[in-house]
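*Asks:* the amino acid sequence is not available; the structure is as follows:
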């Protein structure tokens, strides 16, 4: 199962690293604990809507941009999952399609 | 502050009503309580990643599609918020821009 919190954590970390900022800097700007932000980035904790908003504000990235990135990653993951299903069902009769989708 | 759980709840309800399904039907298919689903749809409760996945599966809608819808709504809300800020700062000198963005 693809979990939203993992993809969301990946996206938040990607945005932070793209800005060359540390966990300490962003957590201070967002007024969340460093440990909490770290757990959110690793997909170990669900971010509440309020704290997600604070983190996006601290990163100076619109939340819609973060969610769009997550949605795109999720679409790829869903495609990969459905390809795996096709491979299982067809016993490998569509290797080219699977390879191009993955 | 625009909250993710409110927009997510709106989107889940929109998908359910588009299919003319009841809270009872979808909550049973998703194996969540009717009260929980109702609270999620009204933006009163954060859906965990696992339960969001179950609800999307029950609705037979890829989670990426739900998130894409939420991202689009969020972008509009952010635009409306920034327009409000512009109006406040400029004391109403950009009425046409604000009107077209809202």
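*Replies:* Yep, that arrived. These numbers come from a predicted model, not from an experiment.
*Asks:* name the helices or strands packed onto the longest helix along chain A?
*Replies:* Longest helix in chain A, counting residues (DSSP state H): helix A:63-90. When contacts are defined as 3 or more CB pairs under 8 Å, 6 or more residues apart in numbering or on different chains; DSSP states H and E, helix A:63-90 packs onto helix A:4-18, helix A:49-59, helix A:95-101, helix B:63-90. Bear in mind the C-beta positions are built from the backbone N, C-alpha and C, glycine included.
*Asks:* so the closest residue to residue A:6 other than its chain neighbours, which state does it fall into?
*Replies:* Among residues not flanking residue A:6 along the chain, residue A:43 sits closest, at 3.4 Å (CB to CB, 6 or more residues apart in numbering or on different chains). Following DSSP: H, G, I helix; E, B strand; the rest coil, we place residue A:43 in the coil state.
*Asks:* residues near residue A:43, how many?
*Replies:* For residue A:43, the number of neighbouring residues by other CB atoms under 10 Å in any protein chain shown comes to 18.
*Asks:* residues in contact with it?
*Replies:* By CB atoms under 8 Å, 6 or more residues apart in numbering or on different chains, the residues touching residue A:43 are A:3, A:5, A:6, A:7, A:8, A:9, A:10.
*Asks:* next, it: phi, psi?
*Replies:* Backbone geometry at residue A:43, expressed as degrees, to the nearest 10, gives phi 70, psi 20.
*Asks:* correct me if wrong: residue A:74 contacts residue B:63.
*Replies:* Yes - contact between residue A:74 and residue B:63 holds when scored by CB atoms under 8 Å: they sit 5.8 Å apart.
*Asks:* between those two, which contacts overlap?
*Replies:* Shared contacts of residue A:74 and residue B:63 (CB under 8 Å, 6+ apart): A:2, A:4.
*Asks:* per-residue confidence at the residue nearest to residue A:6?
*Replies:* pLDDT recorded at residue A:43 is 97.
*Asks:* repeat that for the one 4 residues further on.
*Replies:* Per-residue confidence for residue A:47 comes out at a pLDDT of 95.
*Asks:* could you check how far it is from residue A:72?
*Replies:* Separation of residue A:47 from residue A:72 (CB to CB, to the nearest Å) stands at 19 Å.
*Asks:* between these two, which one's more packed in?
*Replies:* Set side by side, residue A:47 and residue A:72 show more neighbours around residue A:47, with 24 against 16, by other CB under 10 Å.
*Asks:* in three-state terms, label the more buried one for me.
*Replies:* coil.
*Asks:* spell out which parts of chain A neighbour chain B.
*Replies:* A:1-6, A:46, A:48-50, A:52-53, A:62-64, A:67-68, A:70-72, A:74-75, A:78 (CB under 8 Å from any CB of the partner chain).
*Asks:* list buried residues within these.
*Replies:* Neighbour counting by 16 or more other CB atoms under 10 Å in any protein chain shown classes A:2-6, A:46, A:49, A:52-53, A:62-64, A:67-68, A:70-72, A:74-75 among those as buried.
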